[in-house]
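Fold the following and give me the result.
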Amino acid sequence: MTEASLPAAISALRTALEENRDEHELWMLEIPEGVEPQDIPDGLPAGLADLLAASDGLNLAASTRFFSADELASQQLPDHLVGAKLPDGSELTDASDLYFFGEAAGNPLLVNEKDGTVWRVPDDGVVWYTGCRLEQIANSLNEFATAWVLTPDRFLNLAGLTPPEAADSDWYRLLNLSGLAS
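Numbering: from 1, shown residues only. All right, here's what the predicted structure looks like:
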C-alpha cells in the first residue's frame, strides 16, 4: 500500500467488507463507524483522534484491537511499564508519555504523546506487566497503519498469528480482498 491516511483506508476496508461479507463469509468482522467530533476525548496523542473519527474501536483479531473512545480512559496503565527494557538495553524509568491505544497479541500498543511514535510490547512469552521489553514499530499512527495493520505479512506478526491461522482471520482475508494491501 502506498502512503495513505488511516481514515481513508478504514473507509475503503469498510466498503470492501460490505461488498465481500457474504461471498467470502466475513461474518465475524465489524468496522464500527467513527466517533462524532464532540465525543472524542480531549488531549489525545497525534493521530489518535483521526483513528477514532474513522472507527470507534476496531477488532483486528481475537487478541488484537484498538480501543474505543469509551474504553481509552480505563486502559491507561503506564506505571505498569516502568522497568520495561528499552531497545538500547536500559530500563524505562518514566512511562507517563506512553498512551495505550490498543493491544496486539494481548500486549499493549502505545503511542508516545510527545513525539507520536508507536510502540509495542512484543509477545515474548511473559505477561507484559510483570516485566517486558518495548520496541518502537513506527514513527506515527499513520505509518503504523500502513506498515503493520494494512500489510498482510506484518499484520500476522502484529497479531501473533501463524500463516495457517491467517485462513481464519477475517481481517487478513479482507486485506487481501480489498486491494489495499501491499
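
Going by C-alpha atoms from here, please, whenever you check contacts or count neighbours.
Noted.

in this structure, what spans have low per-residue confidence?
The model of the chain has pLDDT under 70 over residues 1-4, 124-127, 129-131, 180-182.

can you give me the helices in it?
6-20, 48-54, 69-72, 141-144, 152-159, 163-166, 170-178 (DSSP state H).

what's around Ala147, how many residues?
21 (other CA atoms under 10 Å).

Identify the residue nearest it in space, chain neighbours excluded?
Arg154 (7.0 Å; CA to CA, 6 or more residues apart in numbering).

can I assume that neighbour is in contact with Ala145?
No. Using CA atoms under 8 Å, Arg154 is not in contact with Ala145, being 10.3 Å away.

neighbour count winner among the two?
Ala145 (21 against 15).

gap between the more buried one and Pro164?
The spacing between Ala145 and Pro164, counted by CA to CA, to the nearest Å, is 23 Å.

gap between stretch 30-47 and the chain center?
14 Å (CA atoms, centre = their mean, to the nearest Å).

which residues touch Glu103?
63-66, 109 (CA atoms under 8 Å, 6 or more residues apart in numbering).

again with Asp79
94-96.

and which of the contacts of Glu103 is nearest to Thr117?
Thr117 has its nearest neighbour among the contacts of Glu103 in Leu109, at 10.8 Å by CA to CA.

wait, doesn't that closest one sit right on Thr117?
No. Using CA under 8 Å, Leu109 is not in contact with Thr117; the gap is 10.8 Å.

And those two? Which one has more around it.
Leu109 (25 against 20).

Look up how far Ala49 lies from that one.
16 Å.

Over to Ser90?
Taking CA to CA, one finds Ser90 at 31 Å from Ala49.

Which one's more surrounded, those two?
Remark: of Ser90 and Ala49, Ala49 carries more neighbours, 20 against 11, as counted by other CA under 10 Å.

The more buried one contacts Asp39, doesn't it?
No. The criterion here is CA under 8 Å, and Ala49 misses it with Asp39 at 10.1 Å.
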